[in-house]
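> here's my sequence, what's the structure:
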Amino acid sequence: MRHIIVGTAGHIDHGKTSLVRALTGVDTDRLEEEKRRGISIDLGFAHLDLGSTRIAFIDVPGHERFIKNMLAGTGGVDLVLLIIAADESIKPQTREHFDICRLLRIPRGIVVLTKSDLVDEDILGLVRLEAEEFVRGSFLEGAPILAVSATTGTGLPELKDAIVAMSASVLEKDASRHFRLPIDRCFSMRGFGTVVTGTLISGKLRVEDEVEAQPGGIRARVRGIQTHGKAVESAEAGERTAVNLAGVEPDHLRRGLSLVRPGLFEPVTVIDTAFELLPTAPPLKHRAPVHFHAGTAEVEAEARVILPAGIAVNSVAARVKPGEKAFVRFVLREPLLLLPGDRFIARMFSPVVTIGGGDVLDIRPPKKTTVARCESLRTTAGAIPLYVTESAHGLTLPQLIARTGLRESEIKKEIAGSLLSLAGFVIAERFVQQLLERITAALKAFHAQNPLLPGLAKEDIRSREAIPAALFDVIVARDKNIVGDGDLLRLVTHKVALKQDESDAVRKIEELFLAGGLAVPALSEVLAQSGVDPARARSLLQILLKNGKLLRVGADLVYHASAIADLRTVLQPRKGQRFSVPEFKDWTGVSRKYAIPLLEFLDQQRVTRRDGDSRIVL
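Okay, the predicted model is just below:
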């Protein structure tokens, strides 16, 4: 069964609620005050099955004071019924509701002339002509204009047929997208507990799912789901949904929050947008305060016009003119859950009237932006490379999903060009090349200054570039000219070439440590006897340590590898034997000066294990 969301729009007392009641049999005026005053104050909901199409009606209030409630109901609307009373024709809220529908880009609709039983044919014909003129050049141009009467039933069958016919052109909502349910009502029901309602604008929700209310990060479990008054196991995008939540009190939730998957999205306070100012609105000045409406939420905000280069923010040109389109940054007084592509409405502070609306382009913009940057954000093909290149070392897939609201498959499709997916990060190929060039230059400089050293510590380069270790290793491995040698990096062309005196010094250093056995001479003494200057001697020592001929046991204690191998041979027949430091000194013939560092080294190598004041041979 197809699910279609139909919203009403029109001036106060033009018969919106009566029409929905006549079509569905449901009185959407549910509040005591609404029934007493005879007007809709808050949103009302009803549904109607027409063959294989299930229609969910959202009846919105028409009074100017309650337009913010009307705005809370327009998210996810597939088609609108623009209500014009035949005995009054077009009124102020007719125009404002119609402007809102256009700004929110509701794609289709029907013009309904209500109270047709109160006027004669001539008046009805005149109102029809006025309606045609009113919608000319808009999405309702050429739409059906039907005269009906909720009192007599005239025209209702034709209206139902028109709704069904128009519903055939409505695209199915995509249930594979990320789940989002803007809350438009929250209350407590006896025997059930906390219940929230809203139009499921994307994704799918199942009983027992974990959800998160944002802003706020309040988590809850879905205890039950109803669509159109019936309990179901799941709800999909496009359905009016009531959700019974466990683990949260109704006082903690409110209209304006959104239910999403836990940990997926975060609220924001600064957004860049593509904005359209209505022709009837006054100029929008830089830093003007506005009421910002998106989904079911309303917050106060400051509008900051994003200006072309050369225009100062304090100049007369720093404003959006009536009927003009521009890029505008909104700084929200309170955080909202928004994603690129979300539609919004802006209203003035005084008088409180709708002045414009537009699309969200970026939910985490940089401190400073440009018109050119905003232009590139109009498409995902432009936005994703921009987000990636602006980051120091790319973004992970979860970060891109949170930034764009796109599915993983959509992001992977966009990164197939100039972007790379490495070690869980999406990164620009240009950045990889620049990083490898910097590493190569650093290694060249290091080898030139330290020709006797085998390489530069990898961690020194990585920390300088501030790149995650896993990503750094993958990038370095892409360059065949760079060799990773343990914790060192070197160029493949780098070879340690010793001069004659250096070769003699290496041999001398090795001989001195070999001759010392387990009672080796002090490191400074060996280097002093090497026959070369101390700086070169230390570099030569590193060569011997690197190739394993020498082993560093302590900060200033180095042994020949053969001496340590002989020590292991001494201990091997004593496997499992417990021994003390004096016994070890007797076995090896060394003093305590050497015994303690050697035993600590053997502990680290898991040759021995300390147990209190004694050790065990492993």
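
> CA atoms for contacts and neighbours, from now on please.
OK.

> now what about the host helix or strand of Ala445, what contacts it?
Remark: Ala445 resides in helix 429-449, with elements defined by DSSP states H and E. Contacts to helix 429-449, defined as Cα atoms under 8 Å, 6 or more residues apart in numbering, come from residues 389, 418-420, 453, 455-456, 461, 475-476, 479, 482, 489-491, 494.

> where is pLDDT lowest across those residues?
Taken together, the contacts of helix 429-449 show their lowest pLDDT at Ser418, with 73.

> what's around that residue, how many residues?
11 (other Cα atoms under 10 Å).

> that one against Lys412, yeah?
No - Ser418 lies out of contact with Lys412 (Cα atoms under 8 Å); the separation is 11.8 Å.

> tell me which helix or strand comes right after the helix holding Ala445.
strand 456-457.

> identify the residues contacting that following strand?
Residues contacting strand 456-457 (Cα under 8 Å, 6+ apart): Leu443, Phe446, Asp487, Leu488, Leu489, Arg490.

> most widely separated two among these?
Phe446 and Asp487 (15.3 Å; Cα to Cα).

> between these two, which one's more packed in?
Each of Phe446 and Asp487 has its neighbours counted (other Cα under 10 Å); Phe446 has more, 15 against 11.

> can you show me the strands along the stretch 351-500 of the chain?
With DSSP state E, counting those that start in this stretch as the criterion, the stretch 351-500 of the chain has strands at 354-362, 395-396, 419-422, 425-428, 456-457, 482-485, 488-491.

> least confident secondary structure element in this protein?
Between all helices and strands in the chain, the lowest mean by mean pLDDT, DSSP states H and E belongs to helix 32-37, at a mean of 36.

> helix or strand next in line after it, which one?
Beyond helix 32-37 toward the C-terminal end (DSSP H and E), the next one is strand 44-50.

> what helices and strands are in contact with that following strand?
helix 16-24, strand 53-59 (3 or more Cα pairs under 8 Å, 6 or more residues apart in numbering; DSSP states H and E).

> what about 6 Å?
Where contact means 3 or more Cα pairs under 6 Å, 6 or more residues apart in numbering; DSSP states H and E, strand 44-50 is packed against strand 53-59.

> keeping just the C-alphas, turn the strand it packs on into PDB.
Extracted as PDB, the C-alpha positions of strand 53-59 are listed here (Å, rounded to 0.1, in the frame of the first residue of the first chain):
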ATOM      1  CA  THR A  53      -3.400   4.400  -1.300                       C
ATOM      2  CA  ARG A  54      -3.400   5.300   2.400                       C
ATOM      3  CA  ILE A  55      -3.700   9.100   2.900                       C
ATOM      4  CA  ALA A  56      -2.500  10.700   6.100                       C
ATOM      5  CA  PHE A  57      -3.900  14.200   6.600                       C
ATOM      6  CA  ILE A  58      -2.100  16.900   8.600                       C
ATOM      7  CA  ASP A  59      -4.500  19.700   9.400                       C
END
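
> now find how far off-centre that strand is within its chain.
Distance, stretch centre to chain centre, for strand 53-59: 32 Å (Cα atoms, centre = their mean, to the nearest Å).

> for it, list every residue counted as buried.
Thr53, Arg54, Ile55, Ala56, Phe57, Ile58, Asp59 (16 or more other Cα atoms under 10 Å).

> need the residues you listed in TSV (columns: pLDDT and distance to Pro92).
Below are the buried residues of strand 53-59 laid out as TSV (pLDDT from 0 to 100; distance: Cα to Cα, whole Å):
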residue	pLDDT	distance to Pro92
Thr53	82	33
Arg54	80	32
Ile55	83	28
Ala56	79	26
Phe57	80	23
Ile58	78	21
Asp59	71	18
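
> among the contacts of helix 429-449, name the buried ones.
Among the contacts of helix 429-449, the ones that count as buried by 16+ other Cα under 10 Å are 389, 419-420, 453, 455-456, 461, 475-476, 482, 489-491, 494.

> please compute how far stretch 339-351 lies from its chain's middle.
21 Å.

> please tell me I have it right and Glu300 contacts Val331.
No - contact between Glu300 and Val331 fails when scored by Cα atoms under 6 Å: they sit 8.7 Å apart.

> Gly576 and Thr608 touch, don't they?
No - using Cα under 6 Å, Gly576 is not in contact with Thr608; the gap is 9.2 Å.

> give me the common contacts of those two.
Counting by Cα atoms under 6 Å, 6 or more residues apart in numbering, the residues touching both Gly576 and Thr608 are Ile616, Val617, Leu618.

> now, those residues that are in strands?
Ile616, Val617 (DSSP state E).

> out of the shared contacts of Gly576 and Thr608, which is nearest to Leu406?
Within these, the smallest distance to Leu406 is 56.4 Å, found for Leu618 (Cα to Cα).

> could you report the distance from that closest one to Val474?
Distance, Leu618 to Val474, by Cα to Cα, to the nearest Å: 38 Å.

> for Gly548, same thing?
Taking Cα to Cα, one finds Gly548 at 27 Å from Val474.

> give me the number of residues near Met166?
Neighbours around Met166, by other Cα under 10 Å: 17.

> any idea which helix or strand carries it?
Assigned by DSSP H and E, Met166 falls in helix 156-167.

> break down the stretch 301-450 of the chain into its helices, ranges please.
Along the stretch 301-450 of the chain, counting by DSSP state H, counting those that start in this stretch, helices occupy 371-376, 380-390, 397-404, 408-414, 429-449.

> looking at Leu618 and Val474, which is more packed in?
Leu618 (16 against 12).

> contacts for the strand ranked longest in the chain?
Longest strand of the chain, by residue count under DSSP E: strand 325-336. Residues outside strand 325-336 that contact it (Cα under 6 Å, 6+ apart) are 215, 267-276, 300-306.

> so what pLDDT did the residue nearest the centre of the chain get?
Geometric centre of the chain, nearest residue: Ala402, 1.4 Å, by Cα atoms, centre = their mean. Note on Ala402: pLDDT of 94.

> what about the closest residue in space to it that isn't next to it in sequence, which SS state?
Here the nearest residue to Ala402 in space, its sequence neighbours aside, is Phe265; by Cα to Cα, 6 or more residues apart in numbering that works out to 5.1 Å. Counting by DSSP: H, G, I helix; E, B strand; the rest coil, the backbone at Phe265 sits in coil.

> shouldn't Phe265 be in contact with Thr404?
No - between Phe265 and Thr404 there is no contact under Cα under 6 Å: 9.7 Å.

> tell me if Arg219 really is in a strand.
Yes - according to three-state DSSP, Arg219 belongs to a strand.

> run through the residues that contact the closest residue to it other than its chain neighbours.
Nearest non-adjacent residue to Arg219, counting by Cα to Cα, 6+ apart: Glu212, 4.3 Å away. By Cα under 6 Å, 6+ apart, Glu212 lies in contact with Ile218, Arg219, Leu259, Val260, Arg261, Pro262.

> nearest to Arg538, out of those: which one, please.
Distances from Arg538 to the contacts of Glu212, taken as Cα to Cα, are shortest for Pro262 (56.0 Å).

> my read is Ala537 is in a helix, agree?
Yes - Ala537: assigned to a helix according to three-state DSSP.

> can you tell me who Val243 pairs with across the strands?
Counting by DSSP bridges, Val243 forms beta bridges with Val196, Ile225.

> if you could redo that for Ala294, that was the one I meant.
Assessed by DSSP bridges, Ala294 has beta-bridge partners Ala297.

> run through the residues that contact Ala226.
You called it Ala, but residue 226 is Gln. Val232, Thr241, Ala242.
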